[in-house]
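[1] Could you look at this predicted model? Sequence included:
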Amino acid sequence: MTFRKLVEHVLRVKITCRRRTIREIVQYMRRIEVMFPDFGANGVATLSCEECAEVVNACWQTPATRNKARRILHSIFAHAIQRGWAEKNPLDGVARESVRERRVYPLTLDQVRRLLRVVIRPEHSCCAPAVGLMLWAGIRPNEVERLRWTDIRVEHNAIVLTAEHTKTGGARQVTLHPILQEWLKKTPWLGMLNSRITPRAWGRRWKEIRLLAGFKKWSPDTLRHTFASYHILKFRNFAQLQLEMGHASTDLLRTRYISLDDITQADADVFWGSLSRLLAEPRKTDLDE
């Protein structure tokens, strides 16, 4: 059994898995095929730990992506062992790398205003719903791309994320806060109700919006961190925030997401208050503070 045939077999038997899982396997294995076309051509049983480590280190540049590649390859070889096509998993000898968490700072109120004022312009307003969902619901960038308008349940004040939507594979409901409802009413509801919330060329449009708002450097989870920090200042409830963000415990919230150095309780009141007040120019006293 060659490595290529093994991957094809895994994709066939995992056809009932989440689409995201299938896409990731295809994406990662395609890179190996391009950079190492002869990898495993003599059979998966002949592959060594050293060969696999060389491929992983050459194909991916960051510890996080190398760890992910290792996990995917490990599961593929585990399937080969179950089928009797290999006796051992060569990825057992490829150590997981430690990943240093980079601190992501939440946006200040002034930065939130700058971003919203750009995205609400007519030429960018098609992106406004997605931005609002990331900012006031803590939805991940990849999750918002999979959402459809039917997933927003206004009558229940909730946004429903199914297992196919989420990064972790667990379904969750997120509160549709009043300011988010107000924001969505000011933005266009695009196409049919079953259409995606993000517009075409979403990635390019979103990058352009950030640059126009003055953000040259941007972490993908900036709005999620912003949501979490303002949420804990306003509602003071880690258990509720854990459910909103879809985490198994509150530990990650306390170590990664909560950064309260540059925002205050008063800022949180404005962030979760009325949209008109949030978008208004800060008063002189606010600037003096």
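    Thanks, I have it. Numbering: from 1, shown residues only.

[2] contacts, neighbours, all on C-alpha from now
    Noted.

[3] ok, longest helix in this structure?
    As assigned by DSSP state H, the longest helix anywhere in the chain is helix 63-82.

[4] what distance separates it from the centre of its chain?
    Chain-centre distance of helix 63-82: 21 Å, with CA atoms, centre = their mean, to the nearest Å.

[5] And that helix, what does it pack against?
    Under the contact criterion of 3 or more CA pairs under 8 Å, 6 or more residues apart in numbering; DSSP states H and E, helix 63-82 touches helix 3-13, helix 49-59.

[6] show me where the chain has strands.
    Assigned by DSSP state E, the chain shows strands spanning 152-153, 158-161, 172-175.

[7] sorry, back to before: tell me the buried residues in the longest helix of the chain?
    Neighbour counts over helix 63-82 (16 or more other CA atoms under 10 Å) mark 65-70, 72-74, 76-81 as buried.

[8] Likewise for stretch 120-136?
    Result for stretch 120-136 [16+ other CA under 10 Å]: buried residues 120, 125-136.

[9] Ok, stretch 230-245 next?
    230-234, 238, 240-245.

[10] Run the chain-centre distance for it.
    Here the centre of stretch 230-245 is set off from its chain's centre by 19 Å, with CA atoms, centre = their mean.

[11] Please, where are all the helices along the stretch 51-200 of the chain?
    Assigned by DSSP state H, counting those that start in this stretch, the stretch 51-200 of the chain shows helices spanning 63-82, 109-119, 128-137, 141-146, 178-185.

[12] Save those as JSON lines, and put in mean pLDDT and distance to N157 too.
    Below are the helices of the stretch 51-200 of the chain laid out as JSON lines (pLDDT from 0 to 100; distance: least, CA to CA, whole Å):
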{"stretch": "helix 63-82", "mean pLDDT": "90", "distance to N157": "36"}
{"stretch": "helix 109-119", "mean pLDDT": "96", "distance to N157": "22"}
{"stretch": "helix 128-137", "mean pLDDT": "97", "distance to N157": "12"}
{"stretch": "helix 141-146", "mean pLDDT": "90", "distance to N157": "17"}
{"stretch": "helix 178-185", "mean pLDDT": "94", "distance to N157": "8"}
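
[13] Ok, which of those comes nearest V94?
    Of all those, helix 63-82 sits nearest to V94, with 7.5 Å by CA to CA.

[14] pull the CA atoms of the closest one into CSV?
    Taking Å, rounded to 0.1, in the frame of the first residue of the first chain, the C-alpha atoms of helix 63-82 are listed here in CSV:
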residue,chain,number,x,y,z
PRO,A,63,5.5,24.8,15.2
ALA,A,64,1.7,25.0,15.1
THR,A,65,1.3,23.8,11.5
ARG,A,66,4.0,21.1,12.0
ASN,A,67,2.1,19.8,15.0
LYS,A,68,-1.1,19.8,13.0
ALA,A,69,0.6,17.9,10.1
ARG,A,70,1.9,15.4,12.7
ARG,A,71,-1.6,14.8,14.1
ILE,A,72,-3.1,14.3,10.6
LEU,A,73,-0.3,11.9,9.5
HIS,A,74,-0.5,10.0,12.8
SER,A,75,-4.2,9.4,12.2
ILE,A,76,-3.6,8.3,8.6
PHE,A,77,-0.9,5.8,9.7
ALA,A,78,-3.1,4.6,12.6
HIS,A,79,-5.7,3.7,10.0
ALA,A,80,-3.0,1.7,8.0
ILE,A,81,-2.1,-0.2,11.2
GLN,A,82,-5.8,-1.1,11.8
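
[15] circling back: so for R23, which of the helices of the stretch 51-200 of the chain sits nearest?
    Nearest to R23, of the helices of the stretch 51-200 of the chain and by CA to CA, is helix 63-82 at 11.6 Å.

[16] first vs last residue of stretch 104-122, how far apart are they?
    30 Å (CA to CA, to the nearest Å).

[17] That stretch: which residues count as buried?
    104-109, 112-116, 118-120.

[18] Same question for stretch 207-222.
    208-210, 213, 221-222.

[19] Would you convert those residues into a markdown table that also reports pLDDT and distance to W183?
    Listed next are these as a markdown table, based on pLDDT from 0 to 100; distance: CA to CA, whole Å:
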| residue | pLDDT | distance to W183 |
| --- | --- | --- |
| E208 | 97 | 20 |
| I209 | 97 | 17 |
| R210 | 97 | 18 |
| A213 | 97 | 18 |
| D221 | 89 | 20 |
| T222 | 94 | 19 |
